[in-house]
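Q: fold the following for me, if possible:
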Amino acid sequence: MRLTVIGTGYVGAVHAACMAEIGHEVLGLDVDEERIAALAAGHPPFYEPGLSRMLQRAVTTGRLRFTTSPAEAARFADTHFVCVGTPQQSDSGAADLRHVEGVVDALAPGLRRAGHNGALVVGKSTVPVGTADRLAARLRAAGADADVAWNPEFLREGCAVQDTLRPERIVAGVRSARAEARLRAVYASLLAAGTPFIATDTATAELVKVASNSFLATKISFINAMAEICDATGADVLTLAEAMGADSRIGPRFLAPGLGFGGSCLPKDIRAFAARAKEIGRGDSVAFLHEVDEINTRQRRRIVDLAQRLVGGTFADRGVAVLGAAFKPGSDDVRDSPALAVAEELRRRGARVRVHDPEAVDNARAAYPALQYALDVAKACERADVVLHLTEWPQYQELDPAALATVVRNPAMVDARNTLDAQAWHSAGWRLCAPGRPRLG
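A: Residues are numbered from 1 along each chain as shown. Okay, here's the model as predicted:
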C-alpha cells in the first residue's frame, strides 16, 4: 500500500520508517526542510535505538522518501497518517491543536477529487476527545472526499521501534466499515503475527491514549507519595513496592519510586485530559490528576532539598555532579526532563553544577546553556561535594564506587532513581540517600 506520514518528529519518523519496514511505500511530509533533508539522507534528528539503521534501509530501497509539498502527499496515497505534535497551550493545560488543524487544511485541497476509494485521514497525535469529529466536519466544509479515523500511538521512547513493529495492541477508532478495512490492510502483517486489533469509535480511541497515560502517571505518583510517607516513618519504599507489586491486581510495573515522570507525553497529557474534562463538564471526574501532577513536580524539589542537606545546608562554594539529562534512559529527549529541572534548581541555589549524559548533552546544552557539561562521568564528578543520579542509564549502575570516590571531594550520593546498589556504595565509603529509603552512611 501507499501511505503518507505527515509530521516527521519523533512519532512520525518512527512510524514512517516502520511502515516502510513492513513493506509499504511511504511518503513523509514536513514543512521543516532541514529535517526532511536529514531524513532523506537516512539520519534521524534524534536518538532512538534501531531507528537509524532501519531508516537508512528504507531510504536506500526507495520504500521511503520525503517531501515538503502537501499537494504531492495528497496525490501520492489515499491513506494519510497525521503525526504532528499537540503541545500544551502556553496559557492553560489544554492541548494546542493548531498543527493538527493545519495539516487537515493543507491536505484538503488535494482531497477534493472523487477518489475511487476516498481518502482516509488517520490521526496518531494525542488529542482531546471529540477532535476526530471536528476534523471530519472541517474536511467536509472544505469539500474534501475524506473520512477520519483515529489510531493512537503507544510508543515508549527508547523502545519505539519494537513498540511499532511488535505492538501490544492496535486501536482503531473508525466511523465506517471501509475505514476499518483500510486500517486492517495497513497492519495486515502485524495482525497475522497475532497483534490484537481493537476496533471502536473515534471518541474511545482518542481517550485510550490519555486514559492510559493518566493511569500510569497516577501509579508513579502514588508510589512517590508512599516514599514521602516512608521518609517520615523510617520504612523502606522499595520493599513496600515489591510487596505491593506481588499482588496480581496491582503488578510491579511503574511502581518505581524516585524522581518521577517527565518527557513530552505524560505531563502534558494529564493536563490536557483534565482541561478537556472541565470543558465537557466533567472536571470533577479527573480532579485527582491535579494532585498526581503536583506530587510528581514535588519530587524534584525533594531531591534538591535532600542534596542540600547532604552538603551542609548551603550550595555556596559547593560542586554538584548530575548524572543524567535525558528524561529517561535510551533517549536524548530533554523535554520536561526531571533531571535538568533539578540541575537548574541546584544552579539557582548557588551550586556549581556539571552534567553528564551519554546521549543528551547537546540537547541539554541547547535547553539549559547556563549549566556546565562533561563528556565523561569522572570529569563531571571531579571534586564534587555531592553526586546526583537522576537518569537511570545502565552505565551508571555499572560505575565503580571505589574508583569514583577518588575523584570527588566528598563521597555523597543521592540516588534519585533508586536503582544503584546501595550496599556496594556504602561499603566503598559513600553516604547514599534515596527517596523513601533509610540512609546509608
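Q: and the helices in the stretch 251-400 of the chain, which stretches?
A: 266-279, 288-310, 338-348, 361-367, 377-381, 394-397 (DSSP state H, counting those that start in this stretch).
Q: next, the angle from the lengthiest helix in the chain to helix 266-279.
A: Taking DSSP state H as the criterion, the chain has its longest helix at helix 202-233. Helix 202-233 and helix 266-279 are oriented at 120 degrees to each other (axes from the mean of the first three to the mean of the last three CA atoms, to 10 degrees).
Q: let me see the mean pLDDT of helix 202-233.
A: Regarding helix 202-233, the rounded mean pLDDT is 97.
Q: same check, this time on stretch 3-18
A: pLDDT averaged over stretch 3-18 gives 96.
Q: what sits closest to Thr86 if chain neighbours are left out?
A: Leaving aside its chain neighbours, Thr86 sits nearest to Ala95 (4.4 Å; criterion: CB to CB, 6 or more residues apart in numbering). Just so you know, the C-beta spots here come from the backbone N, C-alpha and C atoms, and that holds for glycine as well.
Q: could you report the neighbour count for that neighbour?
A: By other CB atoms under 10 Å, the residues close to Ala95 number 25.
Q: residue contacts, Cys265?
A: By CB atoms under 8 Å, 6 or more residues apart in numbering, Cys265 lies in contact with Thr126, Asn213.
Q: ok, back up a step: quick one: contacts for the residue nearest to Thr86?
A: Applying CB under 8 Å, 6+ apart, we find Ala95 in contact with Thr86, Pro87, Gln88, Gln89, Thr126, Val127, Pro128, Lys268, Ala272, Ala275, Arg276.
Q: and which of those residues is nearest Ala179?
A: Distance to Ala179, by CB to CB, is smallest for Val127 among those, at 17.0 Å.
Q: how about the contacts of Ala95 in TSV, adding pLDDT and neighbour count?
A: What follows is those, written out as TSV (pLDDT from 0 to 100; neighbours: other CB atoms under 10 Å):
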residue	pLDDT	neighbour count
Thr86	95	22
Pro87	92	15
Gln88	92	18
Gln89	91	16
Thr126	95	23
Val127	96	23
Pro128	96	20
Lys268	94	24
Ala272	96	25
Ala275	95	19
Arg276	96	23
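Q: widest-spaced pair of the residues you listed?
A: Pro87 and Arg276 (14.8 Å).
Q: the nearest residue to Ala416 once chain neighbours are set aside: neighbour count?
A: Of all residues not flanking Ala416 in the chain, Leu259 sits nearest, at 4.3 Å (CB to CB, 6+ apart). Neighbours of Leu259 under the rule other CB under 10 Å: 31.
Q: can you tell me how far Leu259 is from Leu375?
A: Separation of Leu259 from Leu375 (CB to CB, to the nearest Å): 23 Å.
Q: ramachandran coordinates for the residue nearest to Thr86?
A: Dihedral angles phi and psi of Ala95 (degrees, to the nearest 10) take the values phi -80, psi 140.
Q: gap between the two ends of stretch 322-333?
A: One end of stretch 322-333 to the other measures 16 Å (CA to CA, to the nearest Å).
Q: model confidence over whichever strand or helix holds Arg75, on average?
A: Assigned by DSSP states H and E, Arg75 belongs to helix 70-76. For helix 70-76, mean pLDDT rounds to 95.
Q: where does this structure have low pLDDT?
A: 113-117, 441 (pLDDT under 70).
Q: returning to that earlier point: out of the contacts of Ala95, which comes closest to Arg417?
A: Lys268 (22.1 Å).
Q: so the closest one touches Gln89, yeah?
A: No: counting by CB atoms under 8 Å, Lys268 stays clear of Gln89, with 9.7 Å between them.
Q: hang on, His426 is in a strand, isn't it?
A: No: according to DSSP: H, G, I helix; E, B strand; the rest coil, the state of His426 is helix, so it is not within a strand.
Q: for burial, what's the neighbour tally of it?
A: His426: 17 surrounding residues under other CB under 10 Å.
Q: so it touches Pro438, yeah?
A: No: contact between His426 and Pro438 fails when scored by CB under 8 Å: they sit 11.0 Å apart.
Q: grab the nearest non-local neighbour of Ala132.
A: Excluding the flanking residues, the one nearest Ala132 by CB to CB, 6+ apart is Thr202, at 3.7 Å.
Q: what's the neighbour count on the one you found?
A: Neighbours of Thr202 using other CB under 10 Å come to 24.
Q: ditto for Gly283
A: 15.
Q: my guess is it meets Ala274, correct?
A: Yes: between Gly283 and Ala274 a contact is recorded at 7.0 Å, counting by CB under 8 Å.
Q: what bridges to the residue nearest to Thr86?
A: Beta-bridge pairing for Ala95 (DSSP bridges): Gln88.
Q: that one and Thr233, how far apart?
A: Ala95 sits 39 Å away from Thr233, going by CB to CB.
Q: using PDB, write down the CA coordinates of stretch 238-248.
A: Coordinates of each C-alpha in stretch 238-248 appear next as PDB, following Å, rounded to 0.1, in the frame of the first residue of the first chain:
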ATOM      1  CA  LEU A 238      11.500  -0.500  47.700                       C
ATOM      2  CA  THR A 239      10.300  -3.300  49.900                       C
ATOM      3  CA  LEU A 240       6.900  -1.700  50.100                       C
ATOM      4  CA  ALA A 241       6.700  -1.500  46.200                       C
ATOM      5  CA  GLU A 242       7.900  -5.100  45.900                       C
ATOM      6  CA  ALA A 243       5.200  -6.300  48.300                       C
ATOM      7  CA  MET A 244       2.500  -4.300  46.500                       C
ATOM      8  CA  GLY A 245       3.600  -5.400  43.100                       C
ATOM      9  CA  ALA A 246       3.400  -9.000  44.100                       C
ATOM     10  CA  ASP A 247      -0.400  -8.500  44.200                       C
ATOM     11  CA  SER A 248      -1.600  -9.600  40.800                       C
END
